[in-house]
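Visitor: Sequence plus predicted model, see below.
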Amino acid sequence: MTAVRRRLSITLFAGAGLGTTGYIAAVTVSTLAVQDITGSALQSGLPSALATAGSAIGTNAMSWLVPRLGRRNGLMLGYLLSALGAALAVWATSERRLWVLMVAMFFTGFGQASGHLARYAAGDMYPLERRAGAISLIVWAGTIGSVAGPALLDVSARTASRMGLPDLAGGYLATAVFMTLAFAIYAVALRPDPASLVIDETPRLGGGPIRVTEALTRPNVRLGLLALVIGQVVMVLIMTGTPIHIRNHGHGLDMVGLVIGGHTFGMFAFSPLTGRLANRFGRIPVIMAGQIVLLTAAVIAAITPVQATNVLVAALFLLGLGWNLGFVSSSALISEGLAPEVRARVQGLVDSATWASSALAAVSSGALLSVGGFQLLTMLGAALVLLPAWAVLRLRRLVAVRATV
């Protein structure tokens, strides 16, 4: 069965990489598409926020369907809805229909939900001592999307032009293609269903089957949820505000690309190492390390003059790395001690809360930047990081922490 689990993990990795590529392509062109349709940048952040809302609702809906349809069918449904949403976005961009584009981006977010839930599908197939590593492999697939998504925009724009479509419609064409490929790969190769290979270690951990509402009160779930939400909010607040901060001080898109590229590299590139650290030293120590790195990144960004672009690149890289440390470790932590029949539902609810908070942070970032400037934004992020640290101090004796099992 080890070979089967390995093959399924590779399949999940491939689908997540394709889906992330398509999602990032759509989000990248969405702000420009809204500006072209409306003639203003005022509403440019709404498509990204709606896509994130789609991810939040999609994770909840798909996790509810897991006991009924299985992991495989749930993930495939997310990619299918995303492909249809991207196809609708092509039409909306061509016809300059803003409200249709908003609806399309909402459904495009379902593909990102499948990509995020794939990490749990992989992790649940392995015992505790290997679970964080399996999760980190799927998170690592985001590296593909962070590089390939923006890189495909020029090619896809030329393709759209040859088809008589607006250049920006090409980004959505690419999204539709990649989401469809992810759907097809899972349809063909994700067999048997990963749900049939879930490892149930609940009795050995001293617990029994419980209801979802009870599971959400468990210390490891509460701590994992808090760390995921705060890490996502801090990362999105600062990441969203940084490009505006840089451009407002005279830097061009080349510098924006360099800073955000360093950030996304930090978010995904070291995922396999994060998984190994979480398995070796335990989930909570790595979560705490992530909070320290996030705090350091926020403070550096706050005190660095905008002219010191190399330091800003380093700060945003650390912001991504801190997010990664918390994201992988917290994802592993919330599943510990939960019976398979409630595990998928809890994972979906936790992810829904995480992406909902992410959407709120994305919308709030611009307002906070306008009111108090970049320093307010970054120092607020630094202050929020203290919440998971406080929770660890309160809950550390109640959470079963294992360096090795």
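Guide: Sure thing, it's come through.

Visitor: hey, let's count contacts and neighbours off CA atoms from now on
Guide: Noted.

Visitor: Count residues in the vicinity of N60, would you?
Guide: By other CA atoms under 10 Å, 23 other residues sit near N60.

Visitor: Can you say which helix or strand has it in it?
Guide: helix 46-95 (DSSP states H and E).

Visitor: Quick check: what element follows that helix along the chain?
Guide: helix 98-123.

Visitor: May I see the buried residues of that following helix?
Guide: By neighbour count with 16 or more other CA atoms under 10 Å, helix 98-123 contains the buried residues 98, 100-123.

Visitor: Which neighbouring elements make contact with the very next helix or strand once past it?
Guide: The helix or strand immediately downstream of helix 98-123 is helix 128-140, counting by DSSP H and E. Applying 3 or more CA pairs under 8 Å, 6 or more residues apart in numbering; DSSP states H and E, we find helix 128-140 packed against helix 2-38, helix 98-123, helix 271-281, helix 309-335.

Visitor: Among those helices, single out whichever gets nearest to L380.
Guide: Of all these, helix 309-335 sits nearest to L380, with 13.9 Å by CA to CA.

Visitor: Mind giving me the packing neighbours of that closest one?
Guide: So helix 309-335, by 3+ CA pairs under 8 Å, 6+ apart, packs with helix 128-140, helix 219-248, helix 253-268, helix 271-281, helix 283-303, helix 340-384.

Visitor: Can you get me the centre-to-centre distance for that helix and its chain?
Guide: Counting by CA atoms, centre = their mean, to the nearest Å, helix 309-335 is centred 12 Å from the centre of its parent chain.

Visitor: now stretch 131-140
Guide: That offset, for stretch 131-140, works out to 13 Å (CA atoms, centre = their mean).

Visitor: Which residues outside it are in contact with it?
Guide: 9, 12-13, 16, 116, 118-120, 122-126, 268-272, 274-276, 278-279, 328-329, 331-332 (CA atoms under 8 Å, 6 or more residues apart in numbering).

Visitor: Quick one: mean pLDDT for it?
Guide: Stretch 131-140 shows a mean pLDDT of 92.

Visitor: How about stretch 100-112?
Guide: Per-residue scores along stretch 100-112 average to 95.

Visitor: And for stretch 293-313?
Guide: 90.

Visitor: Endpoints of that stretch, how far apart?
Guide: Start-to-end span of stretch 293-313 (CA to CA, to the nearest Å) is 14 Å.

Visitor: ok, and for it, which residues are buried?
Guide: Of the residues in stretch 293-313, those buried (16+ other CA under 10 Å) are 293-302, 306, 309, 311-313.

Visitor: if we can go back for a sec, between the helix holding N60 and helix 340-384, how many degrees?
Guide: 100 degrees (axes from the mean of the first three to the mean of the last three CA atoms, to 10 degrees).

Visitor: Packing partners of helix 46-95?
Guide: Using 3+ CA pairs under 8 Å, 6+ apart, helix 46-95 sits against helix 2-38, helix 98-123, helix 169-189, helix 340-384.

Visitor: returning to that earlier point: got JSON lines for the helices and strands packed on helix 128-140, with distance to A389 too?
Guide: What follows is the helices and strands packed on helix 128-140, written out as JSON lines (distance: least, CA to CA, whole Å):
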{"stretch": "helix 2-38", "distance to A389": "30"}
{"stretch": "helix 98-123", "distance to A389": "25"}
{"stretch": "helix 271-281", "distance to A389": "17"}
{"stretch": "helix 309-335", "distance to A389": "12"}
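
Visitor: tell me, which of these is the model least confident about?
Guide: helix 2-38 (a mean of 89).

Visitor: So what's the model's average confidence on stretch 395-405?
Guide: Stretch 395-405 comes out at a mean pLDDT of 50.

Visitor: same deal with stretch 227-247?
Guide: 86.
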